[in-house]
Structure formats: C-alpha cells, structure tokens
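# model this:
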Amino acid sequence: QVQLVESGGGLVQAGGSLRLSCAASGRTSDLYTRAWFRQAPGKEREFVARITWSSPNIYTADAVKGRFTISRDIPKNTVYLQMNSLKPEDTAVYYCAADPSSKWDSIDYRYWGQGTQVTVSS
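Residues are numbered from 1 along each chain as shown. Modelled structure (predicted):
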C-alpha cells in the first residue's frame, strides 16, 4: 500500500504564491507517475499536472501552464506544486495522486491523498 499526505494549502490573496507538498510512504518503489488534481465546489475533479518519477516527464494543464510548476525530490519521496500568480478561480481542494503505471490526465490513478484546501481571495 501507498500513503500520500498533502500539505501547504491555505489562504492567499490573488497574485500570491503557495507551494504544495505531497509526501509518499509505503511501497513507493512501485510508483511511476505522480500528479496533482483539484476540485472546486460543485465541479468535477480536474487534472493539474503530472510528473514521472525516474526520468521526469512533465505534463501541465493549459489552465495553469506558465503559473504552476510540478517537481520532485527523490530522496524525500516528495512531489511539489509551486503555484504562482494565483487567481480566485484556482480556489479548490488540491489532491495528490500516484500510480504504478504511466498515467496522464485521466482520473483513474490508484492512490490518492486526502486533499489540502487552497483559497485565493480577490
């Protein structure tokens, strides 16, 4: 089993920045793809960004491209989401996800964290 724990969410003004972290524990050697999704109130969960673990291949959603950056720290087994130039429409619960196979923007990742709230005020 794999456990994912997100941290770093909070309240920020529009134009500000936050960095989310997702620490993995358990059978992490099986993980190939790590990703971030988000879900705003009343909306479906949507893809934000993904990274492959060994030789990083990164894919970012158009809605956040140029503002959000996904990265990884191998020794810490942690994935980050650096969020800059935040907008009120970025307000959502942000979820970390992981899967043993190559995944892109589909929602069928095997492992999920509990989520961390990000609120951007105008």
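
# quick check, central residue of this protein?
The structure's the chain has its C-alpha centroid closest to W36; by Cα atoms, centre = their mean the separation is 2.3 Å.

# now do the SS call for that one.
Classification of W36 by DSSP: H, G, I helix; E, B strand; the rest coil places it in strand.

# the chain should start at 38 in everything you say after this.
With 38 as the first residue, the last one maps to W73.

# just give the nearest non-adjacent residue to it, would you?
Excluding the flanking residues, the one nearest W73 by Cβ to Cβ, 6 or more residues apart in numbering is V85, at 4.2 Å. (Glycine included, C-beta is placed from N, CA and C.)

# which element is the one you found on?
Secondary structure from DSSP states H and E places V85 in strand 83-89.

# who are the packing partners of that strand?
Helices and strands touching strand 83-89, as assessed by 3 or more Cβ pairs under 8 Å, 6 or more residues apart in numbering; DSSP states H and E, comprise strand 70-76, strand 95-97, strand 105-110, strand 115-120.

# what about 10 Å?
On a contact count with 3 or more Cβ pairs under 10 Å, 6 or more residues apart in numbering; DSSP states H and E, strand 83-89 meets strand 70-76, strand 95-97, strand 105-110, strand 115-120, strand 129-136.
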